[in-house]
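# Give me a 3D structure for the following:
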Amino acid sequence: MATTLPILPLAHPLILLPTGRVTLPVSRLIGEALLTLVQESDDQPIVAAVPLTSPGSSLYQWGTAARIVRLIKPPARNPTQPYLLSLNGITRVRIVDNLSSVVSSGIVHLRVEYPTTDGTPSAENVVKFKAAALKLLSQLAKDTTQEVKRDSFNKVAALVEEVSQVRAAWISDVIVSSTNAEYNDKLDFLSAADPDDRLRCATGLFVKQASFSEMSKRIAQSVDESLSKQQKEFFLRQQLAAIQRELNNLHRSSSPLGAGTPNSVGEDGRAQSSPTSELDDDQQNEVDEMADVRAKIEAMAKDSEERKMAVREWKRLKRIPQGSVEYGVIRNYLEWLTAIPWPGSSTTAPSTSHETLRDRAFLRKTREQLDADHYGLEKIKKRLIEYLAVVRLKALQAEQEVTAVEGATRNVTTEVPSNTAISSPRRNTVKGPILLFVGPPGTGKTSLGQSVACALGRPFQRISLGGVRDEAEIRGHRRTYVASGPGMIVQALRKAGRPDPVILLDEIDKIGQNNFHGDPAAALLEVLDPEQNHTFNDHYINVPIDLSQVLFICTSNTLDTISAPLLDRTEIINLSGYTYNEKMHIARQFLVPKQLKANGLAPENLTLTDSTLMQIATHYTREAGVRSLERAIGGVVRYKAVEWAEHLDSDTHNTGKILKEYKDVVEADEVEAILGIARWDAEEREREERRGVVYGLVVTGMGEGGTLPVETIAVPGDGNLKLTGSLGEVIKESGELALSWVKTHAYHLCITNTPSQDPLKHPVGIDIHLHLPSGAVKKDGSSAGIAMTCAFVSLLTGACVPTHIAMTGEITLRGRVGAVGGIKEKVLGAHRADITKVILPWANRKDVEHDVPPEVRSAMQFAFVRTVEEALEAAFGKGTLGWRSKDVMLESRL
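Sure thing, here's the model as predicted:
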């Protein structure tokens, strides 16, 4: 079948064969034509590279369909330079059109046809071709002095030996395109479209090249070249360095540990000593390292995948010279492969968790460990105790099964022939759940993983996934890449030294999304799936790795950025935040002793009263966790550390007189002098009752709860609603919905005189501007419906909502109040902001009973409402709004 291709004439004696690649300069005329072709094509365009039969003659009948790989334009400062063109040969083509009238100086379009290459060459031609090719490659490998070329010839020879009969014609194109054959011979080879003709032509060409190589070698050997003075000197110096190195090794092995090593000779003829160092170039270290790798390979389980791979790579390593680049690649791979703690290997560190699990006081000690490391978090501790109890029961059950099988094996040993293999029972392993701790920063998510590892007696490894955007960071790079290596999972296993560590995947919500480097979140699906991770495949190791014994714990600040398939594989445990009472206990039990130790003070040197800690927690921090609280306590401790140091310096040694007194107790009224003006005092003073201002409850992007004022004002206008504050579509719809409900019930709220009047147009036209502060922060959601409704009612009626009341809830057009999420975070945020009454939907009362701590419930008043009318009554107070009775119209018929 004929097709039309652009014809690119190749200057004599240049020729391009299939599978070959060439870079050549082209004239401006041809370069501009090719540039136009590249710009018009969606993919790399294809041209027909046709050679000339002789200089200045016409085009040859055969050519090569080649893909334009690169086209470099000349620089603007030197436009006379030619274009640079790179072509990659694909297949042979034959020109169908008449070539007599074709000009060989530009680009023309001619009809060409692709010859059929489906045929299989005969076995006889394939055998002759392989023999000639192997002979030529062997001679070229012997004659070359470059190690890289010798390795390349050997690799091609191995490829020729293993090539199939069908691919023999293709490998002939590869070899011929890289040899320095005569021009006419290459033209004949280019026109050989049939596979048998091509192999016969290649065989003759290889025989001719081999004879030329032998003749050149005989001529070179007949010339006797003597070594020059410089070459002799270099040779002798190399010998002297080798002798000196051997002498150093001999003295080092005979000298006692820590003694100096003679490495030079003084003027008196005595050896001068220098201390030994691990940085010395010692060949024995190389031998010891290779022996260690071999011992680890032999310690692997028989017939395992990792042992087969290690043995295969070890044999390859022994065949490759040490100066080769491939030698370093294979050795690095073997070091990684043998460093992984394989379950069946005898060199893997023994697990101490089995002895820990046999202890009858295991669960009691685990509870004590968790209570000692963390205060509160009862739900999380309960779930961890459940998991550890299951681990213990499964371990005891597995040991009983092993004991029973071993007893039965001893009973039947006499009945089993000696040459019969008895399989050993497998130990049951617990498929641990993938726990996902979700909560604001500073709530103890990461330290919980350390506590679990300590309770189990397992090594702990932390992997930070924040900002990871490459899939290879999880699965590893393939060995074909330069400086490739395994992923972070394999690296953690190597550091742990055991197949059953506790691995914490920190900040899993901040992992990169899908891009041209792959999707790292999708790569975690196999790691975090208990049904799949027993055969985890790292691209670099390329051997299935068992991760079923690993306990994975993930941490996150939010669930919004985590993919649904990844969430489906995890068990979500929420850490909402701490109350003031919990913060006081944490500060007294953990933070204050930690800061005293970090700043060089003894416990008797400083005392923080309860009122001082409460002052710091309420006026200088406003967070769900305790990190800001720890920093504030650290500021107080450092301030007192300076005073204590000055107190010690002022004590004169002569008279013992104290020049400066030191007070070891910090009272609440001293905090402002130490930490400065309170951060949250201004906000507390600004919370005053104002018309059209209501406080709602929100949850920030980091999982912290808080209050947010809903501000409304009336401006002259035509009855429109303006919403500002970086609001999303859902929260804008909530504002419109709230205003529609208020307009509908304006008559019953005594805002208008008749049901048909619009409160925004009578008696005068006004516009309502609703604003949510912190305009730089994006806000969205439907939970602000109640707050917006109360703000509109307050603006239009003049009634004010007290500042100690906050609310949240979604509303409908019928006036129903729907459930919302984040109740615990919102209630704790209101508690931190000194809100005493919270209005919540009736459907969320179960969340308050189950999630909100008792001390917070007892300190606050909760109003659960079903309708907007109930919400208005709870917000403004009973009888504050003047409701008109809803008259019912009855129709009478006779």
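
# From here on, just use CA atoms for contacts and neighbour counts.
Will do.

# tell me the SS of Thr145?
With DSSP: H, G, I helix; E, B strand; the rest coil as the basis, Thr145 sits in coil.

# Could I get the full set of helices for the stretch 301-450 of the chain?
For the stretch 301-450 of the chain, the helices defined by DSSP state H, counting those that start in this stretch cover 305-319, 325-339, 353-358, 362-373, 378-411, 445-456.

# what's the most buried one of those helices?
Mean neighbour count (mean count of other Cα atoms under 10 Å) peaks for helix 445-456 among the helices of the stretch 301-450 of the chain, with a mean of 20.

# Now do it and helix 362-373, the angle between them.
Interaxial angle of helix 445-456 relative to helix 362-373 (axes from the mean of the first three to the mean of the last three Cα atoms, to 10 degrees): 150 degrees.

# next SSE after helix 445-456?
Per DSSP states H and E, helix 445-456 leads on to strand 460-464 as the next helix or strand towards the C-terminus.

# Alpha carbons of the next helix or strand along the chain from that next one, as PDB, please.
Using DSSP H and E, the helix or strand that directly follows strand 460-464 along the chain is helix 472-475. Output of helix 472-475 as PDB, limited to C-alpha atoms (Å, rounded to 0.1, in the frame of the first residue of the first chain):
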ATOM      1  CA  ALA A 472       8.700   6.300  43.300                       C
ATOM      2  CA  GLU A 473       9.100   7.700  46.900                       C
ATOM      3  CA  ILE A 474       6.700   4.900  48.000                       C
ATOM      4  CA  ARG A 475       7.400   2.100  45.500                       C
END
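
# now the helix or strand where Ser211 lies, how far from the chain's geometric center?
Under the criterion of DSSP H and E, Ser211 resides in helix 195-222. Computed by Cα atoms, centre = their mean, to the nearest Å, the separation of helix 195-222 from the middle of its chain amounts to 54 Å.

# got a list of contacts for stretch 609-617?
Identification of contacts with stretch 609-617 by Cα atoms under 8 Å, 6 or more residues apart in numbering yields 580, 583-584, 587, 629, 632-633, 665-669, 671.

# mind running it again at 10 Å?
Stretch 609-617 is contacted from outside by 580-581, 583-585, 587-588, 592, 620-623, 626, 628-630, 632-633, 636, 665-672, 675, 678, 832, using Cα atoms under 10 Å, 6 or more residues apart in numbering.

# Produce a ChimeraX select command limited to the buried residues of those.
Burial among those is assessed by 16 or more other Cα atoms under 10 Å; the matching ChimeraX selection reads:
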select :580,583,584,587,588,592,620,621,622,623,626,628,629,630,632,633,636,666,668,671,675,832
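
# Give me the subset of the contacts of stretch 609-617 lying in helices.
Assignment to helices by DSSP state H places the following of the contacts of stretch 609-617 there: 580-581, 583-585, 592, 628-630, 632-633, 636, 671-672, 675, 832.

# Of the residues you listed, which is the nearest to Arg364?
His585 (22.0 Å; Cα to Cα).

# That closest one and Gly829, how far apart?
19 Å (Cα to Cα, to the nearest Å).

# can you pull the contacts of the nearest residue to Leu796 once chain neighbours are set aside?
Nearest non-adjacent residue to Leu796, counting by Cα to Cα, 6 or more residues apart in numbering: Ile751, 6.7 Å away. Residues near Ile751 by Cα under 10 Å, 6+ apart: 742-743, 745, 757-760, 762, 793, 796-798, 882-883.

# switch to 8 Å and redo it
Contacts for Ile751 (Cα under 8 Å, 6+ apart) come out as 759, 796-797.

# Need the three-state assignment for it.
Per three-state DSSP, Ile751 ends up coil.

# Could you report the distance from it to Ser734?
From Ile751 to Ser734 the distance is 21 Å (Cα to Cα).

# Over to Trp62?
Trp62 sits 74 Å away from Ser734, taking Cα to Cα as the criterion.

# before we move on, back to that, selection in ChimeraX covering whichever of the contacts of Ile751 are buried, please.
The buried residues among the contacts of Ile751 can be selected in ChimeraX (16+ other Cα under 10 Å) with this line:
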select :759,796,797
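
# Mind jotting down where the helices sit in the stretch 501-650 of the chain?
520-527, 564-568, 580-586, 592-598, 610-619, 627-649.

# Report all helices and strands that the fourth one contacts.
So the one you mean is helix 592-598. helix 627-649 (3 or more Cα pairs under 8 Å, 6 or more residues apart in numbering; DSSP states H and E).

# pLDDT on the helix it packs on, on average?
For helix 627-649, the mean per-residue pLDDT is 89.

# Ok, stretch 437-452 next?
85.

# What's the end-to-end length of that stretch?
So stretch 437-452: terminal residues 13 Å apart, Cα to Cα.

# can you offset everything so residue one is 42?
Okay, residue one is now 42; in that scheme the one you just asked about reads as stretch 478-493.

# Helices of the stretch 692-841 of the chain, start to end?
Applying DSSP H, counting those that start in this stretch to the stretch 692-841 of the chain gives helices spanning 712-716, 722-727, 770-785, 826-838.

# what's the most buried one of these?
helix 826-838 (a mean of 26).

# dump the residue contacts of Leu128.
Leu128 sits in contact with 62-64, 107-111, where contact means Cα under 8 Å, 6+ apart.
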